[in-house]
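Got a sequence here, can you build the structure:
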Amino acid sequence: MRPFLPLTLFWVILGIPAFCQKHTSTNTEDLHARLLTGKKKAVLAYAGPSHSFILDVPVRSSKPPDVPGFVNIDRQIVQATVVPVDRAVDLRRLTTDREKDILTGYMNYELSYFKKKLKQDYSHVRTEWLALGGKTFLLWQFDMSDHDKLVNHQVYLSTLFFDRVMDLNAPIFKKDDVEKAREILVGLARSMKTYDRKLDLDALGKKL
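Numbers count the residues shown, from 1 in each chain. From the prediction side, this is the model:
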């Protein structure tokens, strides 16, 4: 993936792990879902080389923020990211327990990267397993260090998406917004539709 310095810097400022620093993709693959908005419907859509997904977004409350890769839903910043799973992980014959093991390992890897590479302190990690739309999701959240003047909490919602992890993230600027952010992420996850092909996002946007 081509590095994008301003966005990476924005991630670091917000305390969001900069996935592009760890994971690579083909030059034609974007690792972020795009916001597509029509008159009647809005979606977050991702089109990979052979697999795609869409998430339904409230059309009246959504808009792209100033930074690419993010979307503003009801005044809450949200990011939808696709992260390749380590090739050493066997994804064949997955059971629910095995999915949970993989997602837990992914979370621990991200938390380690967050602290050791980004030098961001956190505390009070909480996890919750959710079954949404027939898929297993790991909801994980944590408090930011008191030294962080901008973001005080983070909420993530992760699931396996073929040979990738689909990761929803919401940075929290006010503690009162934690439950609101959780509801937004759960609503997005519940609407997730997957496809065994590369979607034409430009054509999809014209149909909304």
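
hey, where'd the strands end up in the chain?
34-37, 42-47, 52-57, 62-63, 70-73, 76-84, 122-132, 135-144, 153-161, 164-172, 193-195 (DSSP state E).

So what are the sheet partners of the last one and their directions?
Strand pairing for strand 193-195, using DSSP bridges, gives strand 52-57 (antiparallel).

Export only the CA atoms of the strand it pairs with, formatted as PDB.
The C-alpha trace of strand 52-57 is given here as PDB (Å, rounded to 0.1, in the frame of the first residue of the first chain):
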ATOM      1  CA  SER A  52     -16.400  -7.200  -1.300                       C
ATOM      2  CA  PHE A  53     -18.800  -6.000   1.400                       C
ATOM      3  CA  ILE A  54     -21.300  -3.200   2.000                       C
ATOM      4  CA  LEU A  55     -22.500  -1.700   5.300                       C
ATOM      5  CA  ASP A  56     -25.800   0.300   5.400                       C
ATOM      6  CA  VAL A  57     -25.300   3.900   6.700                       C
END
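
buried stuff in that strand?
In terms of neighbour count (16 or more other C-beta atoms under 10 Å), strand 52-57 has its buried residues at Ser52, Phe53, Ile54, Leu55, Val57. Heads up, the C-betas are built off the backbone N, CA and C, glycines and all.

What number of residues are in the vicinity of the residue nearest to the first one when sequence neighbours are not counted?
The one in question is Ser52. Distances taken as C-beta to C-beta, 6 or more residues apart in numbering put Leu199 closest to Ser52, at 4.0 Å, once the chain neighbours are dropped. If you count neighbours by other C-beta atoms under 10 Å, Leu199 ends up with 16.

Could you check how far Leu199 is from Ile102?
For Leu199, the distance to Ile102 (C-beta to C-beta, to the nearest Å) stands at 25 Å.

repeat for Ala131
Distance from Ala131 to Ile102, by C-beta to C-beta: 16 Å.

for Asp176, same thing?
Asp176 is 33 Å from Ile102, by C-beta to C-beta.

and what of Gln79?
21 Å.

try Ala47
From Ala47 over to Ile102 (counting by C-beta to C-beta), the distance is 23 Å.

do Gly134 as well
Distance from Gly134 to Ile102, by C-beta to C-beta: 17 Å.

Same question for Arg126.
From Arg126 to Ile102 the distance is 19 Å (C-beta to C-beta).
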